[in-house]
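>>> when you get a sec, could you give me coordinates for this:
(chains A and B)
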Amino acid sequence: MTATTLQTKSQKHDLLPKGKQVDLTTISSPGRWKPEFAVPFNQRQLGKKILISNDMGDWDLLTQDEFRDFIEGKPQPGEALYEKLKARNFIAKEINVAAQAERWRRKKQYLFYGPTLHAFVLTHRCNHGCQYCHSSIVGMDRTDTDMSIETAERAVDLVFQTTSPGITIEFQGGEPTANWEVLQHIVEYARQKNALANKALSFALVTNLSLMDDEKMEYLLDRKVQICTSLDGPEDLHNKIRIFKDGNSHANLLHWMKKINARYGELGLDTNLYRVEALPTITKPSLHRWKEIVDTYVEAGCKAVFLRKLDPFGFAARTAKTLGYSMDEFLEFYAHAVDYIIELNRNGTQVMERHASIMLNKILADQEPNYLDLRTPGGACIGQLGYAPDGGVYSSDEGRFVAAMGDEMFKIGTVDDTYHQLMTNAQTRAMVMSGLNDAQPDCVSCVYKPWCGQQVEYNYKTQGSLHGHMRDSVWCKKHKSIFDYLMYKLENADEKDMAMFRRWTTNRQLEHFLQERAPL
Amino acid sequence: MGHPHIEKLDPKTHTMTLSLDIGLYPADVLYAAAYVFLDRAYVLLDRAGPRFEVHLRGKGELTEAQLTAMSGEFENELLAQALRRKVIKANQKIIEDITSQAIAGAAGGTLPTDFLAAGDDGMDFLDDPLGIAVPWEDKFKKKKDA
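As a prediction, the model looks like this:
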């Protein structure tokens, strides 16, 4: 039976099962509770099992009887349930505080240093007219929207003041290669600065590849700039959404992806690891084409697909009627697509979905991949910064998208400010505090709290406040539903499936993209 | 812990009023439980003598059966929040110890425990057994008679 027939025969509730509050009224009465037995935990009913998790990131799926015994403090040392709960750090008197402190520190490393990701908008010019574009793009003749070399240098100076031991400078736009001279200058200038700073420096380019040529490609390869692009799926779908009047965007994209991937091989790099990264944005016309989208990625040699929902920013907000969809529609699409990806893996094709990979990394591998949208506090300001062509500094790329819609809420300063001013001003503090799971009434009692996170820009844009209110937030609904989906998959996984999910938690080692120290 | 009592239920206006003894649940448990319903209903909390009142008005149409089910859900949510509160009250210190140790360690090491254990040795802040606060002029001045 193929994946498609499996899915079309699935009942909707089987495709995307939902968790719910545990019915405590039928399980136990308060007089029987023994609260001193357990560490603080949260719970959620998933089918017949009850998922419990604690703040350290441990979890287990209990039967109703096991859960009753747990909250009533009945398990005794030596019994299977006691030993299981002890091993997973749910029994208060068995907690090794020093070991858990070390574990907490390891996973929360990002709290002890400043922003790592620095998104440079090199220009607002672009030759594509993507219907969902987040940015305020302009025509290719508008060179007045380019970042100048002077602004670029000031921005790089600011970047190097971060207390983070790692720096990633990401080139964005518009189409960043339209301002090629400044891109090169930033790379060279940052490499020179790093001769003294000696940070783990890397570069990433987000490009539609339409202005790529051999000379640019060789420079990017020589300077170890990671290349990322947008691929929305099969040709007709991609070209319909990503409008390019000067040619066939899809064909051009695949041509350069193939060529660059081949060059990675010629350079002796493992082509399973070193590839052009591609991301789709899911629009209304994509919803029923989950299989074709996944197939396009597999055929292009991609090892991962990041099924990204349409953002509420930029053109996407304006074209919501034609491109938009409900969260329920997206989640159904997501479940179909990931079911299909799982089926492909079972048949020997190794490909994964990025949301799932990030979440499983936390759940199964006890790692914190520092994905800025799923951490607490969120990544705004203290995880990333966005730099506009005019020197404005924003809380993030999304903060800059909001600005592109005429609202400077997330502008925290300019490249002329000091790092200390940017990191300690009132806006930054407000964003950090709003992005805490422990400051959200719903999140504090959510079973997914140890692995979830906030994006204050999304809260603001969709609900009108930095805090938002998670109970009717589509952000919350999306992540909670995907967590539910994955937990059901884990509960029902056989050994082969578990091996696959564990493989998805393997972090790619991309040392090649780290810059060596440039000569002084 | 007792059940919330349905005081009023009106499917025509999608409204329901629950009441519960104020001695049964702390106010923060009531707030937390009420928050969970904000996606489906407008919630107003009030007090009438010895009872809390919870006024719920559906954001969409709600039948009598749905309102009754919501009453049961509210009771269940009260229990879940009460359990959570009790466990936190009993063992929140463990989580605080873990996070404070983790942060203290990351800040660059902590004082040796024996140093801290030494505690108050009977000195006050004006004591100066090593003479550190004594001005050089006083400490090394030549004796007039020398």
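
>>> where does the stretch 1-150 of chain A dip in pLDDT?
Along the stretch 1-150 of chain A, the model assigns pLDDT under 70 to residues A:1-13.

>>> and residue 132, how many neighbours?
Looking at chain A here, since you left the chain open. Using other Cβ atoms under 10 Å in any protein chain shown, A:Y132 is surrounded by 24 other residues. Backbone N, C-alpha and C define where each C-beta goes, glycine included.

>>> not what I meant, chain B
Using other Cβ under 10 Å, B:I132 is surrounded by 6 other residues.

>>> tell me the spacing between it and B:D138.
Per Cβ to Cβ, to the nearest Å, B:I132 is found 12 Å from B:D138.

>>> ok, now A:W451?
Taken as Cβ to Cβ, the span from A:W451 to B:D138 is 64 Å.

>>> neighbour count for these two, which is higher?
Counted by other Cβ under 10 Å, A:W451 and B:D138 do not tie: A:W451 has more neighbours, with 24 against 8.

>>> look up the closest residue to the more buried one, ignoring the ones flanking it.
A:K362 (4.1 Å; Cβ to Cβ, 6 or more residues apart in numbering or on different chains).

>>> and stretch B:55-62, which residues are buried?
Of the residues in stretch B:55-62, B:H55, B:L56, B:G58, B:L62 count as buried by neighbour count, 16 or more other Cβ atoms under 10 Å in any protein chain shown.

>>> the nearest residue to the second one once chain neighbours are set aside and A:V22, how far apart?
Take B:L56 and drop its neighbours on the chain: the residue closest to it by Cβ to Cβ, 6+ apart is B:A41, 4.4 Å away. Computed as Cβ to Cβ, the B:A41 to A:V22 distance reads 21 Å.

>>> can you pick out the residue with more neighbours from those two?
A:V22 (25 against 22).

>>> quick check: which ranges of the stretch 401-520 of chain A have low pLDDT?
Counting by pLDDT under 70, the stretch 401-520 of chain A has low-confidence residues at A:508-509, A:517-520.

>>> can you name the residue of it nearest to chain B?
A:D472 (3.8 Å; Cβ to the nearest Cβ).

>>> pretty sure that residue sits against B:A41.
No. Under the criterion of Cβ atoms under 8 Å, A:D472 is not in contact with B:A41, lying 10.9 Å apart.

>>> common neighbours of those two, please.
Shared contacts of A:D472 and B:A41 (Cβ atoms under 8 Å, 6 or more residues apart in numbering or on different chains): none.

>>> ok so, going back, among the buried residues of stretch B:55-62, which are in strands?
Counting by DSSP state E, these place B:H55, B:L56, B:G58 in strands.

>>> can you add distance to A:G233 and give the residues you listed back as TSV?
Below are these laid out as TSV (distance: Cβ to Cβ, whole Å):
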residue	distance to A:G233
B:H55	49
B:L56	44
B:G58	40
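
>>> out of those residues, flag the one nearest to A:S29.
Of all those, B:L56 has the smallest distance to A:S29: 24.8 Å, by Cβ to Cβ.

>>> beta partners for the closest one?
B:L56 has these beta-bridge partners by DSSP bridges: B:M16, B:V43.

>>> please look at it and B:S19 and confirm they touch.
No. Look at B:L56 against B:S19 with Cβ under 8 Å: they stay out of range, at 11.9 Å.

>>> I'd like to know how many residues surround B:A133.
Count around B:A133 with other Cβ under 10 Å applied: 8.

>>> do the same with B:L45
Using other Cβ under 10 Å, B:L45 is surrounded by 12 other residues.

>>> residues in contact with it?
B:L45 makes contact with B:L30, B:Y31, B:A34, B:F52, B:E53, B:V54, B:H55, according to Cβ under 8 Å, 6+ apart.

>>> can you redo the residues you listed as TSV with secondary structure?
Listed next are these as TSV, based on DSSP: H, G, I helix; E, B strand; the rest coil:
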residue	secondary structure
B:L30	helix
B:Y31	helix
B:A34	helix
B:F52	strand
B:E53	strand
B:V54	strand
B:H55	strand
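
>>> of those residues - the most surrounded one?
B:V54 (24 neighbours).

>>> does B:E64 touch B:L9 like I think?
Yes. Contact criterion Cβ under 8 Å: B:E64 and B:L9 qualify, at 6.5 Å.

>>> tell me which of those two has more neighbours.
Using other Cβ under 10 Å, the more surrounded residue of B:E64 and B:L9 is B:L9, with 17 against 12.

>>> in contact with the closest residue to that one other than its chain neighbours, which residues are there?
The shortest distance from B:L9 to any non-neighbouring residue, by Cβ to Cβ, 6+ apart, is to B:M16 (4.8 Å). By Cβ under 8 Å, 6+ apart, the contact set of B:M16 is B:I6, B:K8, B:L9, B:D10, B:H55, B:L56, B:L67, B:M70, B:S71.

>>> of those residues, which belong to helices?
B:L67, B:M70, B:S71 (DSSP state H).

>>> now the helix or strand where A:S481 lies: buried residues?
If you go by DSSP states H and E, A:S481 is part of helix A:474-492. Under the neighbour-count criterion of 16+ other Cβ under 10 Å, helix A:474-492 has A:474-490 buried.

>>> same deal with stretch A:290-299?
Using 16+ other Cβ under 10 Å as the test for burial, stretch A:290-299 gives A:W290, A:K291, A:I293, A:V294, A:D295, A:T296, A:Y297, A:V298.

>>> which of those lies closest to chain B?
Closest to chain B, out of all of these and judged by Cβ to the nearest Cβ, is A:W290, at 27.4 Å.

>>> what's the closest non-adjacent residue to that closest one?
Closest residue to A:W290 apart from its sequence neighbours, by Cβ to Cβ, 6+ apart: A:A337 at 3.9 Å.

>>> isn't that neighbour up against A:M352?
No. If you go by Cβ under 8 Å, A:A337 and A:M352 don't touch, sitting 11.6 Å apart.

>>> now do the shared contacts for those two.
Common contacts of A:A337 and A:M352 (Cβ under 8 Å, 6+ apart): A:V305.

>>> tell me the contacts of the closest residue to A:S230 other than its chain neighbours?
Leaving out its chain neighbours, the residue that sits closest to A:S230 by Cβ to Cβ, 6+ apart is A:L279, at 5.8 Å. A:L279 is in contact with A:C228, A:T229, A:S230, A:L231, A:F306, A:R308, counting by Cβ under 8 Å, 6+ apart.
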